[in-house]
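1. Dropping a prediction and its sequence here:
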Amino acid sequence: MGQQKTILRALAGETQVVPPIWMMRQAGRYLPEYRATRAQAGDFLSLCYNSELAAEVTLQPIRRYGFDAAILFADILLVPQALGADLWFVTGEGPRLSTITTESDFAKLKPASDIHAVLNPVYETVRILSRELPSETTLIGFAGAPWTVATYMIAGRGTPDQGPAHALMTENVALFEALLARITEATIIYLSAQIEAGAEVVKIFDSWAGSLKGDAFRKYALEPAREITAALKARYPHIPIIGFPREAGEAYVGFHKATGVDCVALDNSVDPEWAAAHVQVDGCVQGNLASTHMVTGGEALVSETRRIVKAFSKGPHIFNLGHGITPDADPANVQLMIDTVREGAQG
Ligand code: CP3
């Protein structure tokens, strides 16, 4: 009703001639200004907890490119840290955490209601951003989905196949489900606080949903997303929610209805024409250009961008990559993608 911001219009179900656009990891190492601010902060986690500098890096891609949305600068692994896990990042390798594989590891975790003590600086980042963002830019908050967060908490690091989490699911399902329940509860509290601070949309990143099949997908990807969505909708019915069950494949079909999310984000392993016919029929979709085009650019970037815009042109669509932009991307290719998406507006 009288909604002006393009992202919110798409999330309300409006089909737009030019889809709104933002980009996963839009604040990141491919940008020289990000690398400078990160150096100023010291390291990645210090940047996440420095509200002024986290707001600054969130704003950098908005200033440079004028994206339709800004995503809060933080990380999905701050929630495990707030629950009491040790967390650090090894340069060139990725995150490391203390592991949760036994009942006694689990017993050491804090209650979900304790997370604010660690996460307050993130809420302050949101407050700064809601003051400083241009009036046409939508502010997106986020959290990891319980399954994806649990894969890191169980293994203590990123894993190619989420093997340790699947093993715990088999060997001690009660402990596995207790951990998922704790993360789910913390996620509801965390996203509620982001909304209270000024987030206008929230996104749930289930980066490893693709390794859950059949009944496990239903129990550990759909059900937590449904529970988080229901809890947030009960308190904040006007706040749209984006779900991202990455690499869900056929299981993208019906995800809107099964979880109640307003938008399903698609990775680039699904064809946009297929997704328009089978997923966008149920509501807004987001995606799904391969992030490799941000490295390679050229005619392939232009033609694939046009193909995606065309495939999703009959319904609500937010243009995005299929996964985060990588550090080796060329900032000029990001501009080429945006110009290609928006060329319909001029022509
Ligand atoms: O998208 C954005 O710009 C917002 C900020 C954001 C980050 N991480 C910043 C970040 C968001 C939304 C995330 C989500 C996230 N973090 C996910 C889900 C999305 C996905 O990519 O699948 C996951 C799995 C993580 C966990 C994580 N954080 C890993 C595995 C790594 C290391 C890999 C890497 O890219 O180095 C991170 C680090 C991280 N998170 C960086 C950024 C900008 C790079 C850190 C740096 O500056 O050195």
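-> Okay, I see it.

2. In which helix or strand does F89 reside?
-> In this structure, F89 sits in strand 87-90 according to DSSP states H and E.

3. can you pull the buried residues of the helix or strand following that strand?
-> Downstream of strand 87-90, the first helix or strand assigned by DSSP H and E is strand 94-97. For strand 94-97, burial by neighbour count (16 or more other C-beta atoms under 10 Å) applies to P95, R96, L97. Heads up, the C-betas are built off the backbone N, CA and C, glycines and all.

4. Adding pLDDT and distance to G13, write these out as JSON lines.
-> Converted to JSON lines, these look like this (pLDDT from 0 to 100; distance: C-beta to C-beta, whole Å):
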{"residue": "P95", "pLDDT": "98", "distance to G13": "36"}
{"residue": "R96", "pLDDT": "98", "distance to G13": "42"}
{"residue": "L97", "pLDDT": "98", "distance to G13": "39"}
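
5. The ligand next: which of the residues you listed are close?
-> Restricting the buried residues of strand 94-97 to those touching the ligand (C-beta under 6 Å from any ligand atom) yields P95.

6. buried stuff in stretch 130-147?
-> L133, T137, T138, L139, I140, G141, F142, A143, G144, A145, P146, W147.

7. got the contact list for the strand holding F89?
-> Contact partners of strand 87-90, identified using C-beta atoms under 8 Å, 6 or more residues apart in numbering, comprise D43, F44, L45, L77, L78, P80, Q81, P95, R96, L97.

8. Check those residues and tell me the two furthest apart.
-> Greatest spacing in the contacts of strand 87-90, by C-beta to C-beta: D43 and P80 (17.5 Å).

9. Just want the residue of the stretch 151-300 of the chain that's nearest the ligand.
-> Nearest residue of the stretch 151-300 of the chain to the ligand (C-beta to the nearest ligand atom) works out as S207 at 3.2 Å.

10. what's around V261, how many residues?
-> Neighbours of V261 under the rule other C-beta atoms under 10 Å: 28.

11. Tell me how far it lies from G158.
-> 25 Å (C-beta to C-beta, to the nearest Å).

12. quick one on the thing from earlier: pull up the pairing partners for the strand holding F89, direction included.
-> strand 94-97 (antiparallel) (DSSP bridges).

13. tell me which residues in stretch 262-279 are buried?
-> If you call a residue buried by 16+ other C-beta under 10 Å, then stretch 262-279 has these buried ones: D262, C263, V264, A265, L266, D267, N268, V270, P272, A275, A276, V279.

14. Stretch 20-39 too?
-> 20-28, 30-31, 33-34, 37-38.

15. So which of those sit within strands?
-> Residues of the buried residues of stretch 20-39 located in strands (DSSP state E): none.

16. which bits of the stretch 51-200 of the chain sit near the ligand?
-> Proximity of the stretch 51-200 of the chain to the ligand, by C-beta under 6 Å from any ligand atom, involves residues I71, F73, D75, I76, L77, G94, P95, F142, G144, G158.

17. name the element A186 belongs to?
-> Here A186 is assigned to helix 173-197, by DSSP H and E.

18. Show the subsequent helix or strand relative to that helix.
-> Next in sequence after helix 173-197, counting helices and strands by DSSP H and E, comes strand 201-206.

19. can you tell me the average pLDDT over that following strand?
-> Across strand 201-206, the average pLDDT comes to 98.

20. same question, stretch 3-12
-> 94.

21. Compute the first-to-last residue distance for it.
-> Stretch 3-12 has an end-to-end distance of 9 Å (criterion: C-alpha to C-alpha, to the nearest Å).

22. For the remainder of this discussion, apply numbering that starts at 57.
-> Okay, residue one is now 57; in that scheme the one you just asked about reads as stretch 59-68.

23. what's next to it, contact-wise?
-> 70, 72, 75-76, 78, 124-125, 192-194, 196, 256-257, 296, 298, 318-319, 340, 372-374.

24. same thing but 6 Å
-> P76, D124, A125, T194, P296, D318, C319, C340, P372, I374 (C-beta atoms under 6 Å, 6 or more residues apart in numbering).

25. What of stretch 264-284?
-> Stretch 264-284 is contacted from outside by 202-204, 207, 218, 240, 243-244, 260, 262, 299, 301-304, 307, 314-315, using C-beta under 6 Å, 6+ apart.

26. Looking at those residues, which are in strands?
-> I260, D262, G299, P301.

27. a markdown table for those, including neighbour count?
-> Formatted as a markdown table, the ones in strands among the contacts of stretch 264-284 follow (neighbours: other C-beta atoms under 10 Å):
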| residue | neighbour count |
| --- | --- |
| I260 | 26 |
| D262 | 27 |
| G299 | 29 |
| P301 | 30 |
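
28. And the strands in the stretch 257-403 of the chain?
-> Here the stretch 257-403 of the chain has its strands, by DSSP state E, counting those that start in this stretch, at 257-262, 297-301, 319-321, 340-345, 373-377.

29. Which among these is found nearest to H222?
-> Smallest distance to H222 across the strands of the stretch 257-403 of the chain (C-beta to C-beta): 15.1 Å, for strand 257-262.

30. tell me what that closest one is packed against?
-> Taking 3 or more C-beta pairs under 6 Å, 6 or more residues apart in numbering; DSSP states H and E as contact, the helices and strands that strand 257-262 lies on are strand 194-200, strand 297-301.
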